[in-house]
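>>> this is the structure alone, sequence omitted:
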């Protein structure tokens, strides 16, 4: 009886231990997802819990005693890295949207959270679903996909139409919905920093939606300020990269905040001053820039109503098309930035961007003018006005092209003078400046031909053509100078010396012509004077270097000739044919400096024996006897006339 009681106790102890092990493994494994809307799944869960509770004698620990894991997501750094690497560095929202779609597909597959194989059955992400950090990534990239799709519609060439704008706002609403869910789940499942970043992300999305809808500017302002406050606070902590990202985000949000203040009447900014706000680049500013461009287009259309003609070299060309007026007005506003008093303070890269916008505006104006020419009837006066306007706009476009290329020349010269550029910059070569001056020569020739193409030439056009001719001569001198510099770098001294002298002559001729003309040409005159000095100094340097190199060449040649020997230079190693009795690999050992050679080629000179040279000095002094009587006489010489005939 006692033995049976002991065996029963041991058996019960083993049963309880196995049950505890089963319970521990169940806690370690991830719980399967159960749909909240499926009552069968909840019933089955209840039955399984009852069975497990019956199997285990010990009571289950309370849920409050379990440690809830807190996930950490660096939201701003994650999004910034994904955006810069997948299209938004160049404003390509289509590429970024496709990346978000591919990223979501990978996340759904890795999490085994697909929505059915055949028929689509939606699976909601709730608080109980988020068992790891990838579920938070899932929600975040869904919001980013909706936002990038909306921005893709915003960047259409002619802007979104009515139906596309409705779709755009719908996608922004989706982005707000997912950003709100992301913020709610991060408040429960993530740490405090992630929760703050999620709230800032939600505020930014809500502000962007209201910004696009043109309504509730005070609410949009509140959301943008909330996001800015969070990023300002987060920028005080963490590593240096995180602080830089937060500060950049604050700078990106600042223009939107100022625009909201302007719309609700709490700012004294004018519409023209708003252009200076959007100097910061970033994806957060794209909506602001699109809205700002729409506002400026509206302001230009109001100003264009008073613009009736285009003035160029004393000619006044009427402008009848409103779109042409708006495009020309846009270009003239941009020209104030590069010709104004603060133009020198603008960096070169931003000035190049302004030039590109000017070219785009003038090309639009030319397109509208030529469309009007195609639709114009037989009215000659209207055609003459449109042709004159097209010529004037093309001439102004040519002048701006020359100015842009001169800016590129200035940048290239500054890099060439440094000799050593930064690691990220390409070293400038003289050939690049030669190419730029080729472009300038072509641009000047085209502009001169365009201005002088009319029948009735005014004095202004004649003087402008003369200035173009002088500029072309100056560009030729500069081009010749940098061609000489490229020859100098290649070590061709004679060619470089001749080209420097040629460049100096061209510069002198151009300088004389410019001094005879009336106008503000002080900058070009100063450049030509400096060019003359540089040509003179460089030609002297090339002459001296050429003389030194020629003398060294003669000395080296004489030294090499004096060292020539018939036997050749001494060989440190024997050829393979000279040591056939010793085995050696044809490839050579690793410790041998050079590979073995079979024999020398060409063969070296060898001394050979020859017959002695005998000089007979007594031969010319000997008198030999006369032997004519012993010589055979010629019978033909003694024959008569008949014998000479018949032989």
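Arrived safely. Just so it is clear, the structure is predicted and the values come from calculations on it, not from any experiment. Numbering: from 1, shown residues only.
>>> what about the helices in the stretch 51-200 of the chain?
Remark: helices assigned in the stretch 51-200 of the chain by DSSP state H, counting those that start in this stretch are 75-85, 93-111, 133-154, 162-189, 192-213.
>>> just the angle for the fourth one relative to helix 75-85, thanks.
Okay, so that is helix 162-189. 140 degrees (axes from the mean of the first three to the mean of the last three C-alpha atoms, to 10 degrees).
>>> wouldn't residue 241 be in contact with residue 80 here?
No. Here residue 241 does not reach residue 80: they are 9.8 Å apart, not a contact under C-beta atoms under 8 Å. In short, each C-beta sits where N, CA and C put it, glycine included.
>>> show me which helix runs longest in the chain.
helix 522-562 (DSSP state H).
>>> and it, what does it pack onto?
helix 459-489, helix 493-516 (3 or more C-beta pairs under 8 Å, 6 or more residues apart in numbering; DSSP states H and E).
>>> which residue is nearest the centroid of the protein?
residue 90 (8.8 Å; C-alpha atoms, centre = their mean).
>>> need the contact list for that residue.
With contacts taken as C-beta atoms under 8 Å, 6 or more residues apart in numbering, residue 90 has no neighbouring residues.
>>> just the pLDDT at it, thanks.
Per-residue pLDDT puts residue 90 at 84.
>>> please apply the same query to residue 606.
At residue 606, pLDDT is 82.
>>> ok, residue 2 next?
Reported pLDDT for residue 2: 44.
>>> again with residue 563
Reading off the model, residue 563 has pLDDT 64.
>>> begin at 16 from now on, thanks
Done: numbering now begins at 16, and the last item shifts to residue 578.
>>> what about the closest residue to residue 542 other than its chain neighbours, distance to residue 475?
Nearest non-adjacent residue to residue 542, counting by C-beta to C-beta, 6 or more residues apart in numbering: residue 489, 7.6 Å away. Here residue 489 is placed at a distance of 21 Å from residue 475 (C-beta to C-beta, to the nearest Å).
>>> who has more neighbours, the two?
residue 489 (26 against 13; other C-beta atoms under 10 Å).
>>> please verify my assumption that that one contacts residue 527.
No. The criterion here is C-beta under 8 Å, and residue 489 misses it with residue 527 at 11.4 Å.
>>> quick check, residue 332 in a helix?
No. Counting by DSSP: H, G, I helix; E, B strand; the rest coil, residue 332 is not part of a helix but strand.
>>> for it, give me its contacts.
Residues in contact with residue 332 (C-beta under 8 Å, 6+ apart) are 324, 325, 326, 400, 403, 404, 407.
>>> out of these, which are buried?
For the contacts of residue 332, a neighbour count by 16 or more other C-beta atoms under 10 Å gives the buried set as 325, 400, 403, 404, 407.
>>> can you tell me which of these are in strands?
Secondary structure assignment by DSSP state E places residue 325 of those in strands.
>>> show me the shaky parts of the stretch 116-265 of the chain.
173 (pLDDT under 70).
>>> one step back: okay if I get the helices and strands packed on helix 537-577 as JSON lines plus mean pLDDT and distance to residue 230?
Putting those into JSON lines (pLDDT from 0 to 100; distance: least, C-beta to C-beta, whole Å) gives the following:
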{"stretch": "helix 474-504", "mean pLDDT": "88", "distance to residue 230": "53"}
{"stretch": "helix 508-531", "mean pLDDT": "89", "distance to residue 230": "60"}
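>>> residues contacting the closest residue to residue 502 other than its chain neighbours?
Among residues not flanking residue 502 along the chain, residue 511 sits closest, at 4.1 Å (C-beta to C-beta, 6+ apart). Taking C-beta under 8 Å, 6+ apart, we find residue 511 in contact with 499, 500, 502, 503, 553, 557.
>>> got CSV for those residues, with neighbour count and distance to residue 111 too?
Shown next, in CSV, are the contacts of residue 511 (neighbours: other C-beta atoms under 10 Å; distance: C-beta to C-beta, whole Å):
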residue, neighbour count, distance to residue 111
499, 26, 49
500, 22, 45
502, 20, 49
503, 20, 49
553, 21, 52
557, 23, 55
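>>> can you tell me which of these is nearest residue 371?
Nearest to residue 371, judged by C-beta to C-beta, of those is residue 500 at 29.8 Å.
>>> and the gap between that closest one and residue 428?
Taking C-beta to C-beta, one finds residue 500 at 11 Å from residue 428.
>>> same check, this time on residue 627
Relative to residue 428, residue 627 is positioned 76 Å away (C-beta to C-beta).
>>> which of those two has more neighbours?
residue 428 (15 against 5).
>>> three-state assignment of that one?
Three-state call for residue 428 (three-state DSSP): helix.
>>> got the contact list for the closest residue to it other than its chain neighbours?
Nearest residue to residue 428, sequence neighbours excluded (C-beta to C-beta, 6+ apart): residue 448, at 7.0 Å. For residue 448, the contacting residues are 424, 427, 428, 431, 493, 494, 497, by C-beta under 8 Å, 6+ apart.
>>> let's see that with 7 Å instead.
424, 427, 497 (C-beta atoms under 7 Å, 6 or more residues apart in numbering).
>>> just among these, which is most surrounded?
With neighbours taken as other C-beta under 10 Å, the top of the contacts of residue 448 is residue 497, carrying 24 neighbours.
>>> residue 444 is in contact with that one, correct?
No. Between residue 497 and residue 444 there is no contact under C-beta atoms under 7 Å: 9.4 Å.
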